[in-house]
Every structure is written in structure tokens, then in C-alpha cells.
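Undergrad: sequence? don't have it. structure:
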């Protein structure tokens with residue numbers, strides 16, 4: 001019998017603000033989560049996110065935005081759950097996030113706001 005146990009999910013946090021990145025990493029690790037961090041959306045594919053993971057990504061990143069990054073992942077067949085963090089999302093950002101099946105949490109982040 002094959003008793004394959006899937007690996008526990010990871011939180012993949014992407015934000016170009018080093019303070020936000022460090023705070024989220026500290027908070028989630030204190031809750032017992034494995035947390036991987038990056039500061040650019042272009043670095044996300046190398047982490048090979050899967051259905052057990054959750055991506056938390058800032059919208060306003062240098063280079064490729066959070067939504068652009070997630071759109072490319074979705075086009076490649078990656079269905080990893082994702083949360084977009086941003087301040088004052090426009091109607092257009094809300095619409096694109098909804099099309100990608102991405103939740104939005106507005107900054108400033110409050111611990112209980114993240115699912």
C-alpha cells in the first residue's frame with residue numbers, strides 16, 4: 001500500500017517592503033507555519049507553489065505586479081490559493097483579482113484580516 005502523505009502547505013509571501021516581509025514571516029512562523037519570502041514577483045515560479053500552499057503577494061511590486069504574476073501562474077495551470085495585499089484597491093484591481101479567484105486584504109494589515 002502506498003501511504004503517500006502530502007507535504008504540509010507553505011505560505012509564500014512576496015513583498016518588496018522588507019519590514020512588511022519580516023513582520024509577516026515572524027507572525028506566521030510564530031503560528032507554526034513554514035514561510036518562504038521573496039521581494040519580486042518574478043521569483044515566485046522558482047518556488048514551485050502547489051495546491052497545498054498559499055501565496056500572499058503585494059500588488060505594487062517593482063517589475064511585474066502581484067496580479068500580473070498571478071495571471072502568468074494561472075495561465076501556466078498553477079491553481080495555488082492566493083491573497084493580494086494592497087492599499088486602496090481600484091475597481092479595476094478588484095475586478096482582475098476576482099477573475100483570477102484571488103482574495104484582497106487591504107493594507108495596513110491587521111492580523112485578524114488574513115484568513
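TA: Noted; the coordinates are in hand. Computed from a predicted structure; not experimentally measured.

Undergrad: in the chain, which spans are strands?
TA: For the chain, applying DSSP state E gives strands covering 10-14, 34-38, 54-58, 82-86, 103-106.

Undergrad: Hey, what's the angle from the top helix by length along the chain to strand 82-86? Just curious.
TA: Identified as the longest helix of the chain according to DSSP state H is helix 18-30. Computed by axes from the mean of the first three to the mean of the last three C-alpha atoms, to 10 degrees, the angle separating helix 18-30 from strand 82-86 equals 140 degrees.

Undergrad: what packs against helix 18-30?
TA: Here helix 18-30 touches strand 10-14, strand 34-38, going by 3 or more C-beta pairs under 8 Å, 6 or more residues apart in numbering; DSSP states H and E. (Each C-beta comes from the backbone N, C-alpha and C, glycine too.)

Undergrad: Nearest to residue 50, out of the ones you listed?
TA: Across the helices and strands packed on helix 18-30, residue 50 has its closest neighbour in strand 10-14 (9.1 Å, C-beta to C-beta).

Undergrad: residues in contact with that closest one?
TA: 21, 24-25, 28, 33-41, 43-44, 47, 49, 52-58, 61, 66, 69, 80 (C-beta atoms under 8 Å, 6 or more residues apart in numbering).

Undergrad: coming back round to it: kindly reformat the strands of the chain as a markdown table containing distance to residue 93.
TA: Compiled in a markdown table, these are given as follows (distance: least, C-beta to C-beta, whole Å):
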| stretch | distance to residue 93 |
| --- | --- |
| strand 10-14 | 16 |
| strand 34-38 | 21 |
| strand 54-58 | 12 |
| strand 82-86 | 7 |
| strand 103-106 | 8 |
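
Undergrad: a markdown table for those, including mean pLDDT, mean neighbour count and distance to residue 94?
TA: Converted to a markdown table, these look like this (pLDDT from 0 to 100; neighbours: other C-beta atoms under 10 Å; distance: least, C-beta to C-beta, whole Å):
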| stretch | mean pLDDT | mean neighbour count | distance to residue 94 |
| --- | --- | --- | --- |
| strand 10-14 | 95 | 22 | 20 |
| strand 34-38 | 95 | 16 | 24 |
| strand 54-58 | 96 | 23 | 15 |
| strand 82-86 | 95 | 23 | 10 |
| strand 103-106 | 92 | 14 | 7 |
